[in-house]
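Asker: Quick one, fold the following:
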Amino acid sequence: MQLLYALFALSLLFILSPFNTIYGQEKIQLDTSECIRKKGNVKQIYYKDGTVNRSAPTMQPDFTLFLFGDVGNPHCAEAVNNHFYSKLLKHETESTVLFLGDNVYPNGIPYKSGKKKEIAQAKLKVHLNELVDYTHRAYFLAGNHDYHKVFKSPKRIVAQQQLISSFNKKSKGEIAFRPLDQAGNMVELIELNPRIGLITMDSEWAIKKINKRKKIQKLFREPLRNALKQSEKYEYLIIAAHHPMYTVGDHGHEKLFIASEDLHRKKYLKFINEIVPNLPSGVKVIYAAGHDHSIQYIKLDGFAQIISGSGSKSNHIIEGNIPSDSLNIALKNRLADKKLMRKRSRFKTALNKLEFGTNYKGYVQLEFYNNDVEGVWMKVLALEDEVKQVYSNKIF
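Answerer: Numbering: from 1, shown residues only. Okay, the predicted model is just below:
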């Protein structure tokens, strides 16, 4: 009996410890400092017209696309993960999940064996262990942290691809790292169904290589233009990449010299300029991204952009023209110039065209209906006091 009590006490101690978690059959050591909010301590939510939830159609959608970005610290968002997979594995109609990059924080999966690799793999396995029972398609895209936040290493992408591939072999559906092009292209066109096309891109590779003329021409620019041309046959086109083209979050306005991942950088802008002028006419386009740790819906002329980047982290957003707390700190320390910031055309456009934004942790659900009257609906499921729907609106 004493032995049973001792075993019970040890097991209880392990369960309650904030530094240990079991993912699958693996015990790993966690760094709980990863879960501390460093920016945007105040929860923020913004509705352009004051409408929280429009009444969505009562019928089942013909196709559902889940957008789940920046999920790389899953132990920091257990409630969101539990809600997501509970819904996903019960979902009856045809669907696909897009993981929009930064799948493993802080530095992707090391290529060489060791404790750091085991911890990194365990973070991704939180999702992979659930996805093996998903009967449809789940695609992972690369983010800047998947390469390593400082020392960009393609080998870390290979390590992530290999782990995902190993789980695909035992999956009931498909689990894949995209783009997965045999020619090594950084762009891939995938048909989700006869009405919906999907273009996946490795935007981190493209931004870092944008000045390498031969590589960017062969592996990014030509494949992208071909994919956009071929997508003219679809009614809807999803363009998915880690980096957004507009944002009211950190990456849209900061002015730090070392912030190479911010939108106003020359290489980043060159990446954007490869996309916008070549968007197919007559096609309803949704650009889906992560990168900023928030959920944003920005409705632009000709296409909609959705950021779903709060899968495990959350930073501030900006409501209207009012800077958030962390931006004020930057201004006071002369790290950002308010007048210059307001002149940045893409940041200004994002402010003016923002329909919805929140820094609650969560994900986005896009529902497509064959009935043109119903069109496409966007739903945001996010953690306020509990995980619930905080926004619903028709976007097309």
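
Asker: alpha carbons only for contacts and neighbour counts from here, please
Answerer: Noted.

Asker: Mind listing residues that contact whatever helix or strand residue 156 lives in?
Answerer: In the assignment (DSSP states H and E), residue 156 maps to helix 154-168. With contacts defined as Cα atoms under 8 Å, 6 or more residues apart in numbering, helix 154-168 is touched by 108-111, 121, 128-129, 132, 142, 146-148, 174-177.

Asker: need the next SSE after the helix or strand encompassing residue 126, C-terminal direction.
Answerer: Assigned by DSSP H and E, residue 126 falls within helix 115-131. Downstream of helix 115-131, the first helix or strand assigned by DSSP H and E is strand 137-140.

Asker: Pull out the buried residues from stretch 211-221.
Answerer: Neighbour counts over stretch 211-221 (16 or more other Cα atoms under 10 Å) mark 216, 219, 220, 221 as buried.

Asker: which helices and strands sit right next to the helix holding residue 126?
Answerer: Judged by 3 or more Cα pairs under 8 Å, 6 or more residues apart in numbering; DSSP states H and E, helix 115-131 is in contact with strand 20-23, strand 26-29, helix 154-168.

Asker: Find the residue ranges of this structure scoring beneath the pLDDT cut-off.
Answerer: Scanning the chain for pLDDT under 70 picks out the ranges 1-32, 37-41, 50, 253-259, 319-343.

Asker: quick one: which of the buried residues of stretch 211-221 sit in helices?
Answerer: Of the buried residues of stretch 211-221, the ones assigned to helices by DSSP state H are residue 216.

Asker: Which of the buried residues of stretch 211-221 fall within strands?
Answerer: The members of the buried residues of stretch 211-221 all map outside strands under DSSP state E.

Asker: Without its sequence neighbours, what residue ends up closest to residue 62?
Answerer: Distance criterion Cα to Cα, 6 or more residues apart in numbering; nearest residue to residue 62, sequence neighbours excluded, is residue 369 at 5.2 Å.

Asker: isn't that neighbour right up against residue 375?
Answerer: Yes - assessed by Cα atoms under 8 Å, residue 369 is found in contact with residue 375 at 5.4 Å.

Asker: what residues are up against residue 96?
Answerer: Residues near residue 96 by Cα under 8 Å, 6+ apart: 64, 65, 66, 136, 137, 138, 139, 192.

Asker: Surely it is in a strand?
Answerer: Yes - using DSSP: H, G, I helix; E, B strand; the rest coil, the assignment for residue 96 is a strand.

Asker: And it, how far from residue 303?
Answerer: Taking Cα to Cα, to the nearest Å as the measure, residue 96 and residue 303 are separated by 21 Å.

Asker: by how many degrees do the helix holding residue 156 and helix 115-131 diverge?
Answerer: Counting by axes from the mean of the first three to the mean of the last three Cα atoms, to 10 degrees, helix 154-168 lies at 40 degrees to helix 115-131.

Asker: Pull the distance from helix 154-168 to the chain's centre.
Answerer: Remark: helix 154-168 is offset 18 Å from the chain centroid, using Cα atoms, centre = their mean, to the nearest Å.

Asker: do the same with stretch 362-377
Answerer: Relative to its chain's centre, stretch 362-377 lies at 19 Å (Cα atoms, centre = their mean).

Asker: Just the C-alpha atoms of it, please, in CSV.
Answerer: These are the backbone C-alpha positions of stretch 362-377, laid out as CSV (Å, rounded to 0.1, in the frame of the first residue of the first chain):
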residue,chain,number,x,y,z
GLY,A,362,-6.8,31.1,-31.7
TYR,A,363,-7.4,30.1,-35.3
VAL,A,364,-9.5,30.9,-38.4
GLN,A,365,-12.1,28.8,-40.1
LEU,A,366,-13.1,29.5,-43.7
GLU,A,367,-16.3,27.9,-44.9
PHE,A,368,-17.1,27.7,-48.7
TYR,A,369,-20.6,27.1,-50.0
ASN,A,370,-21.5,26.0,-53.5
ASN,A,371,-24.5,28.3,-53.2
ASP,A,372,-23.2,31.6,-54.4
VAL,A,373,-25.7,33.4,-52.2
GLU,A,374,-23.9,32.0,-49.2
GLY,A,375,-20.4,32.4,-50.7
VAL,A,376,-17.4,32.2,-48.2
TRP,A,377,-17.7,32.8,-44.5
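
Asker: Pull out the buried residues from it.
Answerer: Those would be 362, 363, 364, 365, 366, 367, 368, 369, 374, 376, 377, for stretch 362-377 by 16+ other Cα under 10 Å.

Asker: same deal with stretch 90-101?
Answerer: 95, 96, 97, 98, 99, 100, 101.
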